[in-house]
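Participant: model the structure of this input:
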Amino acid sequence: MINHYLIRHTKPKIEPGICYGQTDIELNPNFEKEFSFIKANLPKTGIAVYTSPLERCLKLAHHLSHSISIDARLKEINFGEWELKRWDDIPKEEINPWYGDYVNVCPPKGESFKQLYDRVKDFYDSVLIKQNSSSIIVAHAGPIRILKGISQNKNLHDILKIKVPFGEVLTLSVGPDHELRL
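Facilitator: Down below sits the predicted model:
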């Protein structure tokens, strides 16, 4: 059994109610305290570390290892023109179609949940399933929800309902049948 440790970055330094996905945001100053909890829940030996290229993940990944692999497929969903807008300020005629079908509808100049799923699934197929050793993946709620959803055979509409707290360490195991399990 090969274990993969999924870590959501710690809380970012941004006001609640702001839409952000691929915007590069710094972590809160209490990052070091949260990091202590994360590190205590990981193996102590050298292990491959994969990370989103966004700063809030890179900072954590660099605290875990000097040798990291940056993978853009682990980025959060791209909210396009909605990035850094208050959710309440996004025009209803733009956001209502997305609320009605976030799986397939893209925010203006952004991506749909299906597009996010496809790139994370590609990471799963080309990295996690083929890897012969354990790894740490530092990412965002969206990609972690998808990996967790794959392990639970959830459909795309149910994946977004999965809760992923900041700084959570989730262990997924890949068995000899190449299936991902919680």
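Participant: what about S52, how many neighbours?
Facilitator: By other C-beta atoms under 10 Å, 25 other residues sit near S52. C-beta coordinates here come from the backbone N, C-alpha and C atoms, glycine included.
Participant: was I right about N28 contacting F35?
Facilitator: No - the pair N28 / F35 is not scored as a contact, 11.2 Å apart, by C-beta atoms under 8 Å.
Participant: which neighbours do the two share?
Facilitator: T10 (C-beta atoms under 8 Å, 6 or more residues apart in numbering).
Participant: for I7, give its distance to W82.
Facilitator: Separation of I7 from W82 (C-beta to C-beta, to the nearest Å): 26 Å.
Participant: brain fart, L58
Facilitator: Counting by C-beta to C-beta - L58 and W82 are separated by 23 Å.
Participant: which one's more surrounded, the two?
Facilitator: Per other C-beta under 10 Å, whichever of L58 and W82 has more neighbours is W82, with 23 against 17.
Participant: check contacts around the more buried one.
Facilitator: C19, I90, E94, I95, P107, P108, G110.
Participant: measure it to L54 for me?
Facilitator: W82 sits 17 Å away from L54, going by C-beta to C-beta.
Participant: what are the boundaries of the strands in this structure?
Facilitator: In the chain, the segments counted as strands under DSSP state E are 2-8, 48-51, 68-70, 135-139, 169-174, 180-181.
Participant: among the ones you listed, which is nearest N78?
Facilitator: Closest to N78 of the strands of the chain is strand 135-139 (C-beta to C-beta; 14.3 Å).
Participant: rewinding a little: filter the contacts of W82 down to the buried ones.
Facilitator: Among those, those scoring as buried are C19, I90, I95, P107, G110 (criterion: 16 or more other C-beta atoms under 10 Å).
Participant: quick revisit: to A40, which of the strands of the chain lies closest?
Facilitator: Closest of these to A40 is strand 169-174, at 8.9 Å (criterion: C-beta to C-beta).
Participant: name the nearest residue to the residue most central in space within the chain, sequence neighbours excluded.
Facilitator: Centroid-nearest residue in the chain, with C-alpha atoms, centre = their mean: H140, separated by 2.5 Å. With sequence-adjacent residues excluded and distances taken as C-beta to C-beta, 6 or more residues apart in numbering, H140 is closest to E76, at 3.7 Å.
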